[in-house]
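A.B. asks: Curious how this folds, go ahead:
(4 chains)
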There are 2 protein chains.
Amino acid sequence: MKIGELAKRCGLSVHTIRYYERIGLLPMADRDQSSHRDYDDAILTWIGFLTRLKTTGMPIRDMLRYARLRQQGSETAGERRQLLEHHRQQVRAHVAGLQESLLVLDAKIAGYAAPQLKGQNHE
Amino acid sequence: MKIGELAKRCGLSVHTIRYYERIGLLPMADRDQSSHRDYDDAILTWIGFLTRLKTTGMPIRDMLRYARLRQQGSETAGERRQLLEHHRQQVRAHVAGLQESLLVLDAKIAGYAAPQLKGQNHE
DNA sequence: CCTTGACTTCGAGTGCGCTCGAAGTCCTAG
DNA sequence: CTAGGACTTCGAGCGCACTCGAAGTCAAGG
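C.D. replies: So this is what the prediction gives:
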């Protein structure tokens, strides 16, 4: 698979894929006879996971750390697990915060929805 | 209240407060005889709400839109309500996405936590 | 043969949200 | 009188994560 097709299939732009390779998030791609990048379907799994980390708010530097551990092989499994557990905690905390904010938002909207009440000042 | 104290009480930096005023998120502050900004406690409520919008992922340009409507008075209440309802939907969707990701993360961690199983490839 | 279009590298540019520093003013305490 | 510290404006700089454009190479189709 060439980079254009990979881009279509994973949802990243061609530019972004090359950028990710440059910074080390993606392994150096194999090349075909024209030195065009030639990808295996397996990369889709990895990009999918990276995307998952990204959408849950992990900064690139942390994804990078995970990516490097992964390249070092199975003896880093413990460290990778730790990293993911830590991240999971972050995400849980973030979700909890958002849910609290949703309550505030609900209350605020309820205030706007009750214009018949005097004393609503919408501050 | 001067800007330094406000900063302490609202959690923004002095620099950020001035920045927010500059871009229109905060109203032009009243000045004392030394042309230092002089704040009323009421500003804390507004900053608190802005912070809530920020932590729920609203971009500054949208906060700005809300802030401008607010300054235009009560006839914009409907539009403000709409804006908040739209934002609430965004936040709900975001929470749902995060919760789905948490399941994926759980599964991934469970894979690391079961090293006795052959065939775990941690991809 | 020639055009088309997808690929290549490289470095510069973008948008967001701050963050900082310089240079100056002004009040207060010693 | 003076030193300190908090304030003022202004514009520049930063970190993040891309995003883009120029200039070139290469293979396939008409």
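
A.B. asks: For chain A, just list every one of the strands.
C.D. replies: Using DSSP state E, the strands found in chain A span residues A:30-31, A:37-38.

A.B. asks: where does chain A dip in pLDDT?
C.D. replies: Low-confidence segments of chain A (pLDDT under 70): A:115-123.

A.B. asks: what residues are up against the residue nearest the centre of chain A?
C.D. replies: Centroid-nearest residue in chain A: A:K54, 1.3 Å away (criterion: CA atoms, centre = their mean). Contact analysis of A:K54 by CB atoms under 8 Å, 6 or more residues apart in numbering or on different chains lists A:60, A:63. The way it works is simple: take the backbone N, C-alpha and C, and place the C-beta from them, glycine included.

A.B. asks: longest helix of chain A?
C.D. replies: helix A:77-112 (DSSP state H).

A.B. asks: Would that helix count as contacting chain B?
C.D. replies: Yes. On the criterion CB under 8 Å from any CB of the partner chain, helix A:77-112 is in touch with chain B at A:77-78, A:80-81, A:84-85, A:87-88, A:91-92, A:94-95, A:97-99, A:101-102, A:104-106, A:108-109, A:112.

A.B. asks: Now do that helix against helix B:77-112, angle only.
C.D. replies: 160 degrees (axes from the mean of the first three to the mean of the last three CA atoms, to 10 degrees).

A.B. asks: Give the other helices and strands that helix A:77-112 contacts.
C.D. replies: Contacts defined by 3 or more CB pairs under 8 Å, 6 or more residues apart in numbering or on different chains; DSSP states H and E place helix A:77-112 against helix A:60-71, helix B:42-55, helix B:77-112.

A.B. asks: buried sites along the last one?
C.D. replies: When neighbours are counted by 16 or more other CB atoms under 10 Å in any protein chain shown, the buried residues of helix B:77-112 are found to be B:77, B:80-81, B:83-84, B:87-88, B:91, B:94-95, B:98, B:101, B:105, B:108-109, B:111-112.

A.B. asks: likewise stretch A:28-46?
C.D. replies: A:29, A:37, A:39, A:43, A:46.

A.B. asks: now do stretch A:60-69
C.D. replies: Across stretch A:60-69, burial judged by 16+ other CB under 10 Å covers A:60, A:63, A:65-67, A:69.

A.B. asks: neighbours of A:L6, just the number please.
C.D. replies: Other residues within reach of A:L6, judged by other CB atoms under 10 Å in any protein chain shown, total 23.

A.B. asks: how much space between the residue in chain A positioned nearest to DNA strand D and DNA strand C?
C.D. replies: As assessed by CB to the nearest atom of the strand, DNA strand D sits closest to A:I60 within chain A, at 3.0 Å. Distance, A:I60 to DNA strand C, using CB to the nearest atom of the strand, to the nearest Å: 12 Å.
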